[in-house]
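A.B. asks: Structure, please.
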Amino acid sequence: MPRPASTEAVLTIDLPAIVANWKDLALRGGPGAVAGVVKADAYGLGAAEVGRALRAAGCRHFFVAQLREGMALREAIGTGPMIAVLGGFRPGEDDDAGLTPVLNSLGDVAAHGAAGRADGVARRAILHVDTAMARLGLDAGELARVSQDHGLLAGLDLLYVMTHLACADEPAHPLNAAQAQRFAAACAGLPKTRRCFANSSGMFLGPAFASDLSRPGCALYGINPTPGQANPMRAVVRLDAPVLQVREIAPGTPVGYGASWTAARPTRVATVAVGYADGYLRSLSSRAAAECRGQPVPLIGRVSMDLTTFDVTDLPDIAPGDRLTLIGGSGCSPDDLAASAGTIGYEILTSLGARYHRDYLRG
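C.D. replies: Below is the predicted model:
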C-alpha cells in the first residue's frame, strides 16, 4: 500500500477488531446464526475489505441496502454466502449474482413468486413484516391477506421472515416488547419459516429477541449498542491528521469563518487538512476535541470544507507534521463525536469521505 502524503489524513480500520466484534456477537446470539450488515459500504469502512474479513472468519450471511451494493459485495466475497438486499429488487435484476431479495410488499411477493412459478424453481427470498416502523415491510392488511392465503407465497423459497426493531437502543421502551409479540403473532400465521429479528442493540435485550438469524451492523464497527452503559465492543476506527501549520494569535483574535470563536488568551492554533467534505461534520464546530499525546485538544472555530483548527496552546512543542487524532482517541470515539454533533455514531462513520488514506490492519 502506498505511503500517505505528508499532508494526508490517515483513516485506520482494524479488520481483526471487526472480526472479534462479530465473534463476540456470535457467542451472544446463542444457537442462531449471526449475519454481518455491510450496507452503506460497511458503514463507510469498506464493504469489500470488511466482507472478505468476515467471510474468512466464518460469516455466511450478509445484508446490504441496495442492489448495487449486493452485486459489488458478491464480486468481493465470491459465491456461497447469502447476500440479502434490504431494499429488494425486481426478478432477474441481480444479473445472476445469486442475491436474495427482501420482499417488502405484496407486489414484491407477487413478482418474485410469479418468476419462480414460471421457471419452475422457487425463488429464494426473505419476507419482511412491519411491526412498528411504518417504512418497508408488509403492513397489517397485507400480512392478513398472506396469513389467510398461503397460496400467495407460491413460487417462493422463504429463507427467513424478518422485522426491524424501532427502539432497541432504549431497553425500557414498551415498543420493544410489543414488537416481539407482534412478530411472534405474524410468524404464527405464516408457513413455518426461520426468523430473523434482532439488530445490534436488539441482541442485548434478552432471550425474547433471539431468533434463527441476528443481523448486527453498528456494533461490528465499534458503535455502542448499549447506550448509557460501557461499550462492550472493540474500537475499530482511528483518524489521524497531520498538522499543516501552527500559528500564535493574540487575545481578541477571531478564528475561522463567521468569527465564531475568539481567543481569550495568547493561543497557538494548529490547522489540519480535514473538513466537512471529509465527513468531519460542521456541527462539531467549537464543540469537539481531538487528542494528542494523551491530552485533549479543543476544536476552535468552525469546521470548514477542507480545514479544521485546534487549540494546542497547552502542548507548546506541537509543530507541523505532528498528528492529531480526530477519531479514536480518548474522548473522541465515534460515539463521543456523535454526542458533540447532536447525532449518532452511525452518521459519524457513514459520513467518512473518500479523501483519506485508508490503512487496513489485518492482524
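A.B. asks: What sits closest to Arg90 if chain neighbours are left out?
C.D. replies: What sits nearest to Arg90 in space, not counting adjacent residues and going by CB to CB, 6 or more residues apart in numbering, is Ala111, at 6.4 Å. Using the backbone N, CA and C atoms, a C-beta is placed for each residue, glycine as well.
A.B. asks: wait, the one you found sits on Phe89?
C.D. replies: No: assessed by CB atoms under 8 Å, Ala111 is found out of contact with Phe89, at 9.8 Å.
A.B. asks: between the two, who's got more neighbours?
C.D. replies: Neighbour comparison, Ala111 and Phe89: the larger count goes to Phe89, with 22 against 19 (by other CB atoms under 10 Å).
A.B. asks: how does this protein divide into domains?
C.D. replies: Segmentation of the chain into domains, based on automatic domain parsing, reads 15-221, 237-332.
A.B. asks: Can you tell me the SS state at the most centrally placed residue in the chain?
C.D. replies: For the chain, the residue sitting closest to the mean C-alpha position, by CA atoms, centre = their mean, is Tyr43 at 3.6 Å. Put simply, Tyr43 is helix when judged by DSSP: H, G, I helix; E, B strand; the rest coil.
A.B. asks: related to what we said a few turns ago, could the domains of the chain be laid out in TSV, adding mean pLDDT and distance to Ala338?
C.D. replies: Converted to TSV, those look like this (pLDDT from 0 to 100; distance: least, CB to CB, whole Å):
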stretch	mean pLDDT	distance to Ala338
domain 15-221	96	11
domain 237-332	96	9
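A.B. asks: Flag every buried residue along stretch 142-153.
C.D. replies: Residues Glu142, Leu143, Val146, Ser147, Leu152, Leu153 are the ones in stretch 142-153 that count as buried (16 or more other CB atoms under 10 Å).
A.B. asks: Shouldn't Cys167 be within a strand?
C.D. replies: No: Cys167 is assigned coil when assessed by three-state DSSP, not a strand.
A.B. asks: doesn't Ala177 make contact with it?
C.D. replies: No: shown here, Cys167 and Ala177 do not form a contact pair, counting by CB under 8 Å, at 10.2 Å.
A.B. asks: So which elements touch whichever helix or strand Ser340 is part of?
C.D. replies: Assigned by DSSP states H and E, Ser340 belongs to helix 334-341. When contacts are defined as 3 or more CB pairs under 8 Å, 6 or more residues apart in numbering; DSSP states H and E, helix 334-341 sits against helix 345-350.
A.B. asks: What's the first helix or strand after the helix it packs on?
C.D. replies: Next along the chain after helix 345-350, taking DSSP H and E as the criterion, comes strand 357-361.
A.B. asks: residues near Ala208, how many?
C.D. replies: 14.
A.B. asks: do Arg293 as well
C.D. replies: Using other CB under 10 Å, Arg293 is surrounded by 12 other residues.
A.B. asks: Not counting sequence-adjacent ones, nearest residue to it?
C.D. replies: Of all residues not flanking Arg293 in the chain, Leu315 sits nearest, at 6.6 Å (CB to CB, 6+ apart).
A.B. asks: Am I right that that neighbour falls within a strand?
C.D. replies: No: read with three-state DSSP, Leu315 is coil and lies in no strand.
A.B. asks: could we number from 58 for the rest of this?
C.D. replies: From this message on, residue numbering opens at 58, which makes the last subject Leu372.
A.B. asks: Can you report phi and psi for it?
C.D. replies: When read as degrees, to the nearest 10, the backbone of Leu372 gives phi -130, psi 80.
A.B. asks: which residues touch it?
C.D. replies: Applying CB atoms under 8 Å, 6 or more residues apart in numbering, we find Leu372 in contact with Cys349, Arg350, Gln352, Val354.
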